[in-house]
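Colleague: Fold the following and give me the result.
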Amino acid sequence: MNTTDLHAWWTVAMLILFVGIWIWAWSKKRNKDFSEAAMLPFADEQIAQRSGEPVEAPHKEGERS
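Modeller: Numbering: from 1, shown residues only. Model prediction:
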């Protein structure tokens, strides 16, 4: 077995790993977890709205407060 064979087997192993992770990530069992994670950026706004506190908009670069 030379290095070319080793590289070929390594490529096949990484392809199988990639496909396995892709199938796991797109499985229906993971959909709920990813939907919750997708809403995380808005969690502060929802908490502030429930508590009645004003929500501050993020400052843009170069903008003064």
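
Colleague: Quick check: mean pLDDT of the regular element (helix or strand) spanning K32?
Modeller: Using DSSP states H and E, K32 falls within helix 31-38. Averaged over helix 31-38, pLDDT sits at 86.

Colleague: May I have that helix as CSV, with CA atoms only?
Modeller: This file holds the C-alpha atoms of helix 31-38, laid out as CSV (Å, rounded to 0.1, in the frame of the first residue of the first chain):
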residue,chain,number,x,y,z
ASN,A,31,-35.8,19.8,12.8
LYS,A,32,-37.2,21.0,16.2
ASP,A,33,-33.7,21.7,17.6
PHE,A,34,-32.6,23.6,14.5
SER,A,35,-35.9,25.6,14.5
GLU,A,36,-35.2,26.6,18.1
ALA,A,37,-31.6,27.5,17.3
ALA,A,38,-32.8,29.6,14.4
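
Colleague: List the buried residues in it.
Modeller: For helix 31-38, the neighbour count (16 or more other CB atoms under 10 Å) marks no residue as buried. For the C-beta atoms, the positions are set from N, CA and C on the backbone; glycine is no exception.

Colleague: what's around M1, how many residues?
Modeller: Neighbour count of M1, defined by other CB atoms under 10 Å: 6.

Colleague: what's the distance between it and A8?
Modeller: Relative to A8, M1 is positioned 10 Å away (criterion: CB to CB, to the nearest Å).

Colleague: likewise F42?
Modeller: In this view, F42 and A8 are 46 Å apart by CB to CB.

Colleague: show me where pLDDT drops low in this protein?
Modeller: Across the chain, the ranges flagged by pLDDT under 70 are 46-60, 62-65.
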